[in-house]
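Asker: Any chance you could fold what I've pasted below:
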Amino acid sequence: MKLLNFLAVLLLIASTLAGCGIVEVGVETTPPPVQATEKPLPTQAVETAPASAPEPQASTTPSATNPAFPLAGLVYRAGDQLFRFGADGQPQSLAPGLDPQVLPGQFTPRAAVSPDGARMISWWDFSDLWLVDLKTGKASNLTNTADRVECCAQFWPARPDTVVFMSQPDATQGQSIGYPTLIKLDGSEYQVLDESSPSFSLAAPAPDGQRIAFDRAGEAWLYRGDGGLEPLNPAGYGLQDSANTLKLASPAWSADGKRLAWMAEGALGPNGGPGFAPVIFNLELKTHRLLAVSEGGGEGWPPAPLWSADGSWLATLRYSNDQYGMWIAGPDGSNEKQVYKPDTLRATSGLQAFWSSQSDQLLVIDPNASGGTRAVLIDAASGQPQEVKLPERAVPVAWPKYSS
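Answerer: Numbering: from 1, shown residues only. Model (predicted):
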């Protein structure tokens, strides 16, 4: 029954995943189902360095903090193969022998790469999570559940042995994005953190390894390592809306864990009109900073703000009619500036963004640009954009720190 509602859940969480660099830009036919008893997944031979491997065509120049190729470390897919840019700009084949079922030829990656770039979690059918060794190509069914469906995994850097993801009973698949859940990389300790109300968005693990922020149908909550749950009351930080309709979802932690950004919806617009806006809560000072409000919204709940690795920048999407696109701001929300504007307001929901490991550049991918996918590398300090050309059919998956 796991695949019966595949298309429904695909459409439901399309825009939610955009903030994770996982953007739905099309609906594909359902691939052949994987049997739940397969563990590990049988592999099929795939050439590790095919003669037709995509050649990089990036017209970029070195940066001050990265004297080599500026996109070094960027992991991308081309069809059912994975590649990584080396320091010289040449593609390096990853996951040799990877079965195409783990990463089929889709428009979207539906995968998360570990911070060290050594492993990947894939959820191609929104059924189970698959753990893939990117050096050997070996894949295994991590969750392998008969009565639940899983998607949208995140590695937890503070807990290298733990994965955070969303799950829900198979019987209710497609009705929500699910509930925050944990599992160990060895497949043990499957734990649903809270099943009171389904979430609008993905959960966010904190850098202290102890807390996880999530929403209960638009109410902000925190899970603690001791198993405790506590609400995050925005009024306690001075944030209220005039109509008492405020909802929070899409949380994101700063690198030091002192700030927690959310997307807020409520009577936030001019004259108390409805709107969306990023809000940053300072957890130490008990204050908040509301960024620019977008009246109306995109297709579904807005994706989470995206912190740079060092916490010095915050990237957000705005959907206002005249100022839509990608914006960045300082860690307290100050000095907000637009750094990319797509061709249309509708295309904003499809944008992907990846911070460099040095936190000095933001790579923006626009799959709905006129003429085809557009990739722009933006200098955070100046806001200056530089268009780059990625290999044909390349779909970026992650930008972990490069190591040879």
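Asker: surely T316 meets L306?
Answerer: Yes - T316 lies in contact with L306 (Cβ atoms under 8 Å); the separation is 7.5 Å. C-beta coordinates here come from the backbone N, C-alpha and C atoms, glycine included.
Asker: Which one of these two is surrounded by more residues?
Answerer: The neighbour count for T316 versus L306, taken as other Cβ atoms under 10 Å, is higher for T316 (28 against 22).
Asker: secondary structure class for that one?
Answerer: strand (DSSP: H, G, I helix; E, B strand; the rest coil).
Asker: can you give me the end-to-end distance of stretch 303-312?
Answerer: Taking Cα to Cα, to the nearest Å as the measure, stretch 303-312 stretches 19 Å from start to finish.
Asker: List the buried residues in it.
Answerer: Across stretch 303-312, burial judged by 16 or more other Cβ atoms under 10 Å covers P303, A304, P305, L306, W307, S308, A309, G311, S312.
Asker: would you list every one of the strands in the stretch 1-150 of the chain?
Answerer: For the stretch 1-150 of the chain, applying DSSP state E, counting those that start in this stretch gives strands covering 75-78, 81-85, 91-94, 111-113, 119-122, 130-133, 139-141, 148-156.
Asker: re the thing from before, any chance of the buried residues of stretch 303-312 in CSV, plus secondary structure, pLDDT and distance to A153?
Answerer: Below are these laid out as CSV (DSSP: H, G, I helix; E, B strand; the rest coil; pLDDT from 0 to 100; distance: Cβ to Cβ, whole Å):
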residue, secondary structure, pLDDT, distance to A153
P303, coil, 90, 16
A304, coil, 95, 15
P305, coil, 97, 20
L306, strand, 97, 17
W307, strand, 98, 19
S308, coil, 97, 22
A309, coil, 94, 19
G311, coil, 95, 23
S312, coil, 96, 27
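Asker: so which of the residues you listed comes closest to D88?
Answerer: Of all the buried residues of stretch 303-312, D88 sits closest to A309, with 23.0 Å by Cβ to Cβ.
Asker: wait, isn't that closest one in contact with S359?
Answerer: Yes - with contact defined as Cβ under 8 Å, A309 counts as touching S359 (4.9 Å).
Asker: hmm, back to that, could you dump the buried residues of stretch 303-312 into TSV and include distance to L185?
Answerer: Shown next, in TSV, are these (distance: Cβ to Cβ, whole Å):
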residue	distance to L185
P303	26
A304	23
P305	27
L306	24
W307	24
S308	26
A309	22
G311	26
S312	30
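Asker: Please report how far A264 lies from A315.
Answerer: As judged by Cβ to Cβ, to the nearest Å, A264 and A315 stand 17 Å apart.
Asker: for G275, that is, sorry about that
Answerer: Distance from G275 to A315, by Cβ to Cβ: 19 Å.
Asker: neighbour count winner among these two?
Answerer: A315 (25 against 21).
Asker: Bridge partners for that one, pull those for me.
Answerer: Assessed by DSSP bridges, A315 has beta-bridge partners L306, I328.
Asker: cool, P385 as well?
Answerer: As for beta bridges, P385 partners with I378 under DSSP bridges.
Asker: Quickly list the domain ranges of this protein.
Answerer: By the assignment in automatic domain parsing, the chain contains the domains 1-44+97-192, 208-345.
Asker: need the strands of the stretch 1-150 of the chain in CSV with mean pLDDT and mean neighbour count, can you?
Answerer: Converted to CSV, these look like this (pLDDT from 0 to 100; neighbours: other Cβ atoms under 10 Å):
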stretch, mean pLDDT, mean neighbour count
strand 75-78, 92, 22
strand 81-85, 93, 24
strand 91-94, 93, 20
strand 111-113, 93, 23
strand 119-122, 95, 24
strand 130-133, 96, 24
strand 139-141, 94, 21
strand 148-156, 95, 23
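Asker: Make CSV from these and add distance to Y223 to it.
Answerer: Shown next, in CSV, are the strands of the stretch 1-150 of the chain (distance: least, Cβ to Cβ, whole Å):
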stretch, distance to Y223
strand 75-78, 29
strand 81-85, 32
strand 91-94, 33
strand 111-113, 20
strand 119-122, 20
strand 130-133, 23
strand 139-141, 26
strand 148-156, 12
